[in-house]
Structure formats: structure tokens, C-alpha cells
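Pasting the sequence and the predicted coordinates here, then a few questions.
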Amino acid sequence: MTARFIVLEGIEGTGKSTHAAYLADWLAKQGQPAVAAREPGGTPLGERLRALLLDPGISPMPPQAEALLMFAARSASISEVILPALASGAWVVCDRFVESSYAYQAYGRGVPIEQVRALDRQIVGKLRPDLTVILDAPPELGLARKAGPEKKDRFEQESLKFFERVRQGYLQRAREGGGRYIVVDASRKLAEVRKDLVTAVGQLLGHKASRDN
Ligand code: TYD
């Protein structure tokens, strides 16, 4: 039995965590144990780094330092959560993974993409998601969905222009990435987006069955 690694990506307010939780649940109902993960975070080191990375009080944070901290958190997530889960036969549904580093640090912040690629090779190596879903929506919509009385984190304080670069970065990566990426219109109702996700993950389940038989 081969477990699969699914990643949900997208800018703020596109519903990643809601959909990730739903998919993990849906997989469990299909008899496929699934572990939900998130980045940055999900491990003791990752959660500490997350607090630093989101803290608006840490300003300025050099973009390269930001990139390194994201990959430091990712390194812990890979060795402590993702690889053990896959090795145990569980699926992994991850709320953000390496595409966030390309979209936010390279396209958003302007870190040379070669540097992100080098970190990707060094830290992530051969571990590639079987499916990366880009939940796509205009930044105006995503940020409006997120708007609330809570204090904005260091990323949420960024401009629409920043999120537009991030969004275009995701779309560019999906165009270059081939069949393991899908772009889903996340400006629609939650239930409609969910239907597309279940179809895509269901196909992966089907492939799995035929490959493993
Ligand atoms: P998260 O809380 O998952 O975002 P959301 O508000 O969409 O639920 O992620 C925290 C922030 O970290 C988010 O603004 C994106 C940013 N981030 C990066 O810039 N690079 C990365 O590699 C990762 C994993 C996240």
C-alpha cells in the first residue's frame, strides 16, 4: 500500500485549513488513515518558529532570514511528521508546503528563485507531493474573508500588491509544474470547491488502487 502526500496551497483566506481538515476526514471515511500537517508549524520547533515568523513586532525581517526559517520549520515537519506518517501507511494532507516558499519568499519578497530552489533541493530533496492544489482567489477576496477584530500577523499586514505577486507566483509554478498541480477556483462557495477537491483526491485513490493491485 502506498500512502499519498497531498498539499493545499494558496494565499490568505482561500480556505486551506478548512479544506485540509475536511479532506483528512474524508480520506479516513474511505478507510485511508490520514494525518493533517501544517507549515510553518506542527512540531515543537516549527510552532516556535511560526510564532517568530508571524510576529509583527519582528520588523524588518530580512527576506532571506524568513526563507531560512521557513525551511528550518519544514525540515522538522518533514522528519517528525510527514515521513513517519507516510512510512506508517497514512496519507498526509499538508496545509502549505514548499510552494509557499516559492510564492511568498521568491515571488512575494524577491528572494532570488535560485536560492529557494537550492533550499528546496537541500531540505526537501526527493520528497514531492503527489498532488499540490493551488486554491486560487483574488487577494481582495481572501483578505476580506480573513478580516476580523484580531490583530493582523506579519504577513496579513502586507499590501494587496504583495499578495497579487504571491498569487501570480503560485499560478506560474502550477503552469511549470505539470500534472501534479491543479488550480482550483476558491472564490466559489465552500461546497463547490470541496467537490473539486474530492474529485481530484478520489482520482488519486483510484490510481492508487489500480497501481497497487
Ligand atoms: P498560515 O497561517 O497557514 O496562513 P493562512 O493565514 O493562509 O492560514 O501561514 C502563515 C504565513 O506564513 C502565511 O502568511 C504564509 C507564510 N508562509 C511563507 O511565507 N512561506 C512558507 O514557506 C510558508 C510555509 C508560509
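Arrived safely, thanks for sending.

From now on I want contacts and neighbour counts done on CA atoms only, so please keep to that.
Noted.

Identify the residue nearest the geometric centre of this structure.
R96 (1.5 Å; CA atoms, centre = their mean).

Got phi/psi on that residue?
Main-chain torsions, R96, degrees, to the nearest 10: phi 80, psi 140.

Might one say that it is in contact with E12?
No: counting by CA atoms under 8 Å, R96 does not reach E12; the two are 11.0 Å apart.

A51: neighbour count?
13 (other CA atoms under 10 Å).

measure it to the ligand for me?
Going from A51 to the ligand by CA to the nearest ligand atom, to the nearest Å gives 9 Å.

In space, what's closest to the residue nearest to the centre of the chain - neighbours in sequence excluded?
E9 (5.0 Å; CA to CA, 6 or more residues apart in numbering).

Now do the same contact list for that neighbour.
Contacts for E9 were tallied using CA atoms under 8 Å, 6 or more residues apart in numbering; they are K16, D95, R96, F97, E99, S100, T132, V133, I134, L135.

Can you name every helix or strand that the helix or strand in which G206 is found contacts?
Assigning secondary structure by DSSP states H and E places G206 in helix 190-212. Here helix 190-212 touches helix 16-29, strand 181-185, going by 3 or more CA pairs under 8 Å, 6 or more residues apart in numbering; DSSP states H and E.

what's the following helix or strand after the longest one?
Pointing back at helix 16-29 there. Immediately after helix 16-29, counting by DSSP H and E, sits strand 34-38.

for that next one, packing partners?
Against strand 34-38 (3+ CA pairs under 8 Å, 6+ apart) you get helix 16-29, strand 91-95.

Quick check: the gap between A76 and the ligand.
12 Å.

what kind of secondary structure is that residue in?
helix (DSSP: H, G, I helix; E, B strand; the rest coil).

Run a quick neighbour tally on it.
Neighbours of A76 (other CA under 10 Å): 19.

And the pLDDT for it?
Note for A76: predicted pLDDT of 98.

who in this protein is up against the ligand?
For the chain, the residues in contact with the ligand (CA under 6 Å from any ligand atom) are 11-13, 39-40, 70, 96-98, 100-101, 104-105, 155.

Mind putting those residues into TSV with secondary structure and pLDDT?
TSV is the format used below for the residues of the chain next to the ligand (DSSP: H, G, I helix; E, B strand; the rest coil; pLDDT from 0 to 100):
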residue	secondary structure	pLDDT
I11	coil	97
E12	coil	95
G13	coil	93
E39	coil	97
P40	coil	97
M70	helix	98
R96	coil	98
F97	coil	98
V98	helix	98
S100	helix	98
S101	helix	98
Y104	helix	98
Q105	helix	98
F155	coil	96
